[in-house]
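In: following is a predicted model, sequence given first.
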Amino acid sequence: SGSFWCTLLGTVARLIKTNLSGGVTKVGSEVPGIATDCMKDFIQLVAAEAQEESERCKSKTILPVHFIKALKTLGYDDIATEVQTLAKAEDAAKKAKPKRKKKRLEDSSHSMEELKRRQAELFARARAKHG
């Protein structure tokens, strides 16, 4: 959609401007578009290599390990190292996050007999109501 690309171009322009140094203070209006096109090409290149890596591993999902391997294969070892560090940090954050309880039945304060009795009552009411 158009708003996505406007937002992306604005973000790219800000990234470029915040990394300016020396006597350079302005960015030409076409530069964010060129940079965005370069990013799209780079992402397509890495994604294609990551897909090949996932297929070699007989996986139907591109995992971070495939993406990192693709970066290394393409000669982007420095970026691969940074991505690997980010992936490990994200993994640690996921593990630290409390998990949802999945065992509602086991955590119930009611006995199995009480739950079965309640279920039978609900079925009986439904049959009576809907004939």
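Out: Noted; the coordinates are in hand. What you see is a predicted model, and the numbers here were worked out from it, not measured in a lab.

In: what is the top helix by length along the chain packed up against?
Out: As assigned by DSSP state H, the longest helix anywhere in the chain is helix 31-56. Counting contacts by 3 or more Cβ pairs under 8 Å, 6 or more residues apart in numbering; DSSP states H and E, helix 31-56 packs against helix 2-18, helix 64-73. Every C-beta, even on glycine, is put in place using the N, C-alpha and C of the backbone.

In: what angle do helix 31-56 and the last one make with each other?
Out: I take that to be helix 64-73. Taking axes from the mean of the first three to the mean of the last three Cα atoms, to 10 degrees, helix 64-73 and helix 31-56 form an angle of 110 degrees between their directions.

In: what does the first one give?
Out: Relative orientation of helix 2-18 with respect to helix 31-56: 110 degrees, computed using the same axes, to 10 degrees.

In: helix 2-18: how far from the chain's middle?
Out: The chain centroid and the centroid of helix 2-18 are separated by 20 Å, computed with Cα atoms, centre = their mean, to the nearest Å.

In: tell me how far residue 113 lies from residue 119.
Out: Note on residue 113: its distance to residue 119, by Cβ to Cβ, to the nearest Å, is 11 Å.

In: next SSE downstream of the helix or strand of the chain with the lowest mean pLDDT?
Out: Across the helices and strands of the chain, mean confidence by mean pLDDT, DSSP states H and E is lowest for helix 104-107: a mean of 65. Downstream of helix 104-107, the next assigned helix or strand under DSSP states H and E is helix 112-130.
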